[in-house]
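K.L.:
A predicted structure for the sequence below; I have some questions about it.
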Amino acid sequence: MDALAAAETAVLAECKTREVVFEISRNMVDSTNANFVVWPPCVEVQRCSGCCNNRNVQCRPTQIRVRHVQVNKIEFVQRKPKFKKVVVPLEDHVQCRCEAVFRPPPRNIRPGPREQRRLSPSFTTAAVSQRQRVRRPPAQKRKHKKYKHVNDKKVLKEILIA
């Protein structure tokens, strides 16, 4: 009973914006060059997170604001650092809401005979037809493929013996 009395009551982590750490990738600074370092490598941004009532809804942003931050791009030219200031756009989530999420049915479960009869042609997708294997005719074996252009047997014997 002492452990139960000492434990605090759990509070639902509602869907709202929270501060999270975001890593500024080098690709965001310069996608053509790899010989540099970004400073600071991480910043704080506002992102939506939290629990919704069921699996069919997720905490999603309803309003996003783009802000621009200045970072240092440090290039090393002949072992000497070369500093350059670069502006990077970051997304901050301003408002959040639990929104419905479309989830495709699991692929590994195949419908039984009853379910297959119930499926109408409108429910069949292109993905199903893509799963069918394309049969190719068996490759024909060719003897001495590199000498096939030689029609005269005497010439062919001379080439093979030499």
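P.N.:
Looks like it arrived, so ask away. Numbering: from 1, shown residues only.

K.L.:
worst-scoring helix or strand of the chain, pLDDT-wise?
P.N.:
Across the helices and strands of the chain, mean pLDDT, DSSP states H and E gives its lowest value to helix 126-130, namely a mean of 43.

K.L.:
any chance you could map the strands in this protein?
P.N.:
Assigned by DSSP state E, the chain shows strands spanning 16-23, 36-39, 42-49, 57-77, 80-100.

K.L.:
mind putting those in CSV, mean pLDDT included?
P.N.:
Listed next are the strands of the chain as CSV, based on pLDDT from 0 to 100:
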stretch, mean pLDDT
strand 16-23, 97
strand 36-39, 93
strand 42-49, 97
strand 57-77, 95
strand 80-100, 95
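
K.L.:
Kindly reformat those as JSON lines containing distance to Glu158.
P.N.:
C-beta: built from backbone N, CA, C; applies to glycine. JSON lines is the format used below for the strands of the chain (distance: least, CB to CB, whole Å):
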{"stretch": "strand 16-23", "distance to Glu158": "70"}
{"stretch": "strand 36-39", "distance to Glu158": "64"}
{"stretch": "strand 42-49", "distance to Glu158": "74"}
{"stretch": "strand 57-77", "distance to Glu158": "64"}
{"stretch": "strand 80-100", "distance to Glu158": "68"}
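
K.L.:
now those strands in JSON lines, with mean neighbour count?
P.N.:
Output for these, formatted as JSON lines (neighbours: other CB atoms under 10 Å):
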{"stretch": "strand 16-23", "mean neighbour count": "13"}
{"stretch": "strand 36-39", "mean neighbour count": "16"}
{"stretch": "strand 42-49", "mean neighbour count": "16"}
{"stretch": "strand 57-77", "mean neighbour count": "13"}
{"stretch": "strand 80-100", "mean neighbour count": "13"}
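
K.L.:
if I pick Cys52, what's in contact with it?
P.N.:
By CB atoms under 8 Å, 6 or more residues apart in numbering, the contact set of Cys52 is Cys15, Gln58, Cys59, Cys98.

K.L.:
wait, doesn't the last one sit right on Cys15?
P.N.:
Yes: in this structure Cys98 lies within contact range of Cys15 using CB atoms under 8 Å: 5.1 Å.

K.L.:
Tell me the residues that contact both of those two, please.
P.N.:
Residues touching both Cys98 and Cys15 (CB under 8 Å, 6+ apart) are Cys52, Cys59.

K.L.:
Could I get the pLDDT score of the closest residue to Glu14 other than its chain neighbours?
P.N.:
With sequence-adjacent residues excluded and distances taken as CB to CB, 6 or more residues apart in numbering, Glu14 is closest to Gly50, at 5.0 Å. Reported pLDDT at Gly50 in the predicted model: 95.
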